[in-house]
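Visitor: Starting from these lines, generate the structure:
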Amino acid sequence: MNKRDPRHGREGANEALSAAKTRITIRLDNEVIEWFRSQVEAKGGGNYQTMINNALRDYIRQGGESLESVLRRVIREELKTGAPESEADIIPRGRL
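Guide: Next up is the predicted model:
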């Protein structure tokens with residue numbers, strides 16, 4: 001049987017669609033898609049779409065925290081594990 005023959009149903013994976021998910025079409029930057037694909041490859045497999053979905057879910061759980069707030073929090077956490085913070089290490093508001 002030729003899988004590409006349109007008489008034999010649709011082409012590609014035949015995953016059952018979850019009732020909890022909706023198929024949509026969106027446009028993402030190539031860099032975003034490539035980054036998620038590289039993460040899947042680095043982990044030895046998985047699904048980049050699931051990773052994007054999980055990243056969006058995490059963002060929602062954090063209350064839609066702004067990128068600036070996330071970066072500030074991460075930088076503070078990193079500084080706590082390293083050398084003491086100095087005036088030169090502080091990023092003024094609005095400079096990100």
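Visitor: The nearest residue to residue 55 once chain neighbours are set aside and residue 26, how far apart?
Guide: Using CB to CB, 6 or more residues apart in numbering and skipping the chain neighbours, the partner closest in space to residue 55 is residue 36 (7.9 Å). C-beta: built from backbone N, CA, C; applies to glycine. Taking CB to CB, to the nearest Å as the measure, residue 36 falls 13 Å from residue 26.
Visitor: Give me the more crowded residue out of the two.
Guide: Counted by other CB atoms under 10 Å, residue 36 and residue 26 do not tie: residue 36 has more neighbours, with 19 against 5.
Visitor: Contacts only, for the more buried one.
Guide: 48, 51-52, 55 (CB atoms under 8 Å, 6 or more residues apart in numbering).
Visitor: What pLDDT is listed against it?
Guide: pLDDT, residue 36: 93.
Visitor: quick one: secondary structure of it?
Guide: helix (DSSP: H, G, I helix; E, B strand; the rest coil).
Visitor: Check the gap between residue 76 and residue 69 for me.
Guide: 11 Å.
Visitor: Just the buried residues of the helix or strand residue 79 falls within, please?
Guide: Taking DSSP states H and E as the criterion, residue 79 maps to helix 67-81. For helix 67-81, the neighbour count (16 or more other CB atoms under 10 Å) marks residue 72 as buried.
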